[in-house]
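In: coordinates only, sequence not included:
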């Protein structure tokens with residue numbers, strides 16, 4: 001018998017753009033989901049599905065008894081018996097009705113040639129960051145002592161939303177879909193043994209919010225996360241192209257989000273993936289099967305169609321990768337228009353009608369200090385293995401030393417960075433490095449041995465200092 005309901009009410013804010021596809025392609029190749037008034041919203045099915053996955057995907061430490069209780073609360077369906085969920089979640093609509101949909105462009109780079117694949121340009125809609133949605137999650141508790149478990153579960157959801165651990169929608173590993181719960185949330189406990197509480201719940205009236213004590217804790221999170229949070233100085237120039245239909249605007253400008261220049265996760269991840277393939281092929285003497293195994297685990301895999309021209313290899317099934325690259329704001333830069341021409345390699349003259357201009361970003365200061373934090377790159381792997389940490393450290397060193405460029409027009413020197421500082425954390429490491437390359441090399445030694453052994457034709461047992 002239901003004894004009461006605990007309700008979490010508040011507002012969530014998008015910290016990065018959000019893509020929840022509608023399955024339509026009327027305006028772009030992938031349109032976002034909108035309601036009957038043309039306003040974007042987050043369906044409860046998508047939101048609660050992500051919550052359940054986040055809580056059950058090894059991100060928290062549960063006892064066997066707690067796992068059974070959670071399965072009973074979330075509901076299950078089996079051949080012999082089934083049970084409905086104790087949770088009720090409403091669709092999340094905009095706090096202030098305002099269409100915040102923008103269009104982004106995407107491309108696919110061939111890892112072997114390093115150029116855009118023919119016919120691989122696409123565009124898609126996203127809900128711009130800063131949009132706020134109303135949140136209402138309700139969980140019933142029964143007479144079997146489930147109240148404390150329900151309360152603990154809602155506190156866990158609250159904590160995860162507050163720190164931004166939960167992402168929704170598509171392209172979340174490319175930095176999209178990051179949400180946070182604003183501080184003005186409230187938790188209500190409607191105890192049905194109190195008739196006033198019953199009436200208030202029926203009338204959807206608020207009651208006195210539940211007071212959260214310091215002793216009230218959610219479930220303990222798993223700490224098996226490898227994180228690199230690094231800052232760089234822009235040595236040359238940078239452009240991740242965005243296009244406009246304004247006649248007076250440059251042919252291409254650096255992409256922005258809510259009026260701010262950003263380093264997108266998708267563009268950064270593409271460059272990192274290509275370099276990871278080169279590193280692995282070097283280590284395993286071009287054994288593509290072993291390379292693909294690690295790449296698919298980190299970056300994900302999409303089943304190729306029979307007519308696909310991609311010769312980078314097939315995967316037996318779709319898989320989401322474990323590597324997350326954040327989308328971050330770019331500071332201490334200035335945009336400037338540069339006009340360019342295309343030269344005929346045979347005549348040495350300008351090709352007719354081949355004049356174009358772009359507006360890349362340049363550093364606006366010769367002496368950038370750590371307070372400016374011009375370029376930030378964040379790489380995160382949950383439930384990581386030590387060899388994956390070794391691969392990311394090798395890639396960090398390549399970006400750090402300017403050997404790996406990011407963004408477009410790399411052929412003319414754009415996208416080169418210089419390392420300034422990096423915070424590196426994991427299950428057995430917590431370290432801040434500055435521009436001392438030796439310190440980074442010493443850290444790599446602990447993990448690169450694991451990567452070498454993983455890619456070796458005849459792996460041997462290595463002594464791993466990180467264990």
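Out: Everything's here; your move. From a predicted model like this one, the values you see are computed outputs, not experimental measurements.
In: where does the stretch 201-350 of the chain dip in pLDDT?
Out: Low-confidence regions of the stretch 201-350 of the chain, defined here as pLDDT under 70, cover residues 303-316.
In: quick one, strands of it?
Out: Ranges of strands in the stretch 201-350 of the chain, per DSSP state E, counting those that start in this stretch, are 225-234, 237-238, 241-242, 252-254, 256-257, 260-263, 323-325, 328-329, 333-335, 338-340.
In: quickly compare those and say which is most buried.
Out: With neighbours defined as mean count of other CB atoms under 10 Å, those peak in mean count at strand 237-238, which reaches a mean of 25. For every residue, glycine as well, the C-beta is placed using N, CA and C.
In: which residues touch that strand?
Out: 254, 263, 330, 333, 360-362, 375, 406-407, 413-415 (CB atoms under 8 Å, 6 or more residues apart in numbering).
In: ok, back up a step: now the strands of the stretch 201-350 of the chain in CSV, with distance to residue 289?
Out: As requested, these are arranged in CSV below (distance: least, CB to CB, whole Å):
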stretch, distance to residue 289
strand 225-234, 25
strand 237-238, 35
strand 241-242, 34
strand 252-254, 38
strand 256-257, 39
strand 260-263, 33
strand 323-325, 20
strand 328-329, 34
strand 333-335, 42
strand 338-340, 42
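In: closest to residue 277 out of those?
Out: Nearest of the strands of the stretch 201-350 of the chain to residue 277, taken as CB to CB: strand 323-325 at 13.3 Å.
In: what's the neighbour count on residue 98?
Out: Counted with other CB atoms under 10 Å, the burial measure for residue 98 works out to 11 neighbours.
In: and the gap between it and residue 139?
Out: Residue 98 sits 31 Å away from residue 139 when distances are taken as CB to CB, to the nearest Å.
In: number of residues surrounding residue 454?
Out: 21.
In: thought it was touching residue 297?
Out: No - under the contact definition of CB atoms under 8 Å, residue 454 does not touch residue 297, with a separation of 10.7 Å.
In: residue farthest from the centroid of this structure?
Out: Note on the chain: the largest C-alpha distance from the chain mean falls to residue 347, namely 47.3 Å (CA atoms, centre = their mean).
In: distance of that residue relative to residue 60?
Out: From residue 347 across to residue 60, the span is 66 Å (CB to CB).
In: this structure: helices as residue ranges?
Out: Using DSSP state H, the helices of the chain run over residues 44-56, 64-74, 147-163, 195-202, 265-283, 288-299, 386-400, 437-455.
In: now distance to residue 1 too, for those helices, in CSV please.
Out: Rendered in CSV, the data for those read as follows (distance: least, CB to CB, whole Å):
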stretch, distance to residue 1
helix 44-56, 24
helix 64-74, 15
helix 147-163, 13
helix 195-202, 13
helix 265-283, 48
helix 288-299, 47
helix 386-400, 49
helix 437-455, 54
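In: on that earlier part again, please pick the buried ones from the contacts of strand 237-238.
Out: Neighbour-count burial (16 or more other CB atoms under 10 Å) is assigned, among these, to 254, 263, 330, 333, 360, 361, 375, 406, 407, 414, 415.
In: if I pick the closest residue to residue 327 other than its chain neighbours, what's in contact with it?
Out: Excluding the flanking residues, the one nearest residue 327 by CB to CB, 6 or more residues apart in numbering is residue 175, at 3.2 Å. Neighbouring residues of residue 175 by CB under 8 Å, 6+ apart: 16, 264, 265, 266, 324, 325, 326, 327, 328.
In: pick the one among those residues closest to residue 235.
Out: Comparing those against residue 235 with CB to CB picks out residue 328 as the nearest, at 17.9 Å.
In: spatially nearest residue to the closest one, not counting backbone neighbours?
Out: Once flanking residues are discounted, residue 328 sits nearest to residue 376: 4.2 Å by CB to CB, 6+ apart.
In: same question for residue 362.
Out: Spatially, and ignoring its direct neighbours in sequence, residue 362 is nearest to residue 237 (5.1 Å; CB to CB, 6+ apart).
In: beta partners for the closest residue to residue 241 other than its chain neighbours?
Out: By the measure of CB to CB, 6+ apart, the closest residue to residue 241 outside its immediate chain neighbours is residue 252, 4.4 Å from it. Residues in a beta bridge with residue 252, per DSSP bridges, are residue 358.
In: do you know how far residue 252 is from residue 357?
Out: Relative to residue 357, residue 252 is positioned 8 Å away (CB to CB).
In: over to residue 381?
Out: The value you get for residue 381 to residue 357, if CB to CB is used, is 39 Å.
In: so where's the stretch 1-150 of the chain shaky on pLDDT?
Out: 111-115, 144-145.
In: hey, where'd the strands end up in it?
Out: Assigned by DSSP E, counting those that start in this stretch, the stretch 1-150 of the chain shows strands spanning 2-14, 41-42, 76-77, 82-83, 87-89, 92-93, 101-106, 122-127, 132-142.
In: can you add distance to residue 284 and give the ones you listed back as TSV?
Out: Converted to TSV, the strands of the stretch 1-150 of the chain look like this (distance: least, CB to CB, whole Å):
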stretch	distance to residue 284
strand 2-14	40
strand 41-42	43
strand 76-77	43
strand 82-83	47
strand 87-89	46
strand 92-93	46
strand 101-106	30
strand 122-127	32
strand 132-142	46
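In: so which of those strands gets nearest residue 301?
Out: Each of the strands of the stretch 1-150 of the chain was checked against residue 301 via CB to CB, and the shortest separation belongs to strand 101-106, namely 17.8 Å.
In: can you pull the buried residues of that closest one?
Out: Using 16+ other CB under 10 Å as the test for burial, strand 101-106 gives 101, 102, 104, 105, 106.
In: biggest separation within those residues, which pair?
Out: Using CB to CB, the pair of the buried residues of strand 101-106 lying farthest apart is 101 and 106, separated by 16.1 Å.
In: ok, residue 389 to residue 322 distance?
Out: According to CB to CB, residue 389 and residue 322 sit 12 Å apart.
In: of those two, who's got more company?
Out: Using other CB under 10 Å as the criterion, residue 389 and residue 322 rank with residue 389 on top: 26 against 18.
In: surely that one touches residue 380?
Out: No - checked against CB under 8 Å, the pair residue 389 and residue 380 is beyond contact range at 11.2 Å.
In: find residues that contact each of these two.
Out: Where contact means CB under 8 Å, 6+ apart, the residues bridging residue 389 and residue 380 through contact with each are residue 226.
In: residues in contact with residue 28?
Out: Under the criterion of CB under 8 Å, 6+ apart, the contact partners of residue 28 comprise 103, 123, 124, 125.
In: now a PyMOL select for only the buried ones of those residues.
Out: Only the buried members of the contacts of residue 28 end up in this PyMOL selection, burial being decided by 16+ other CB under 10 Å:
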select buried, resi 124+125
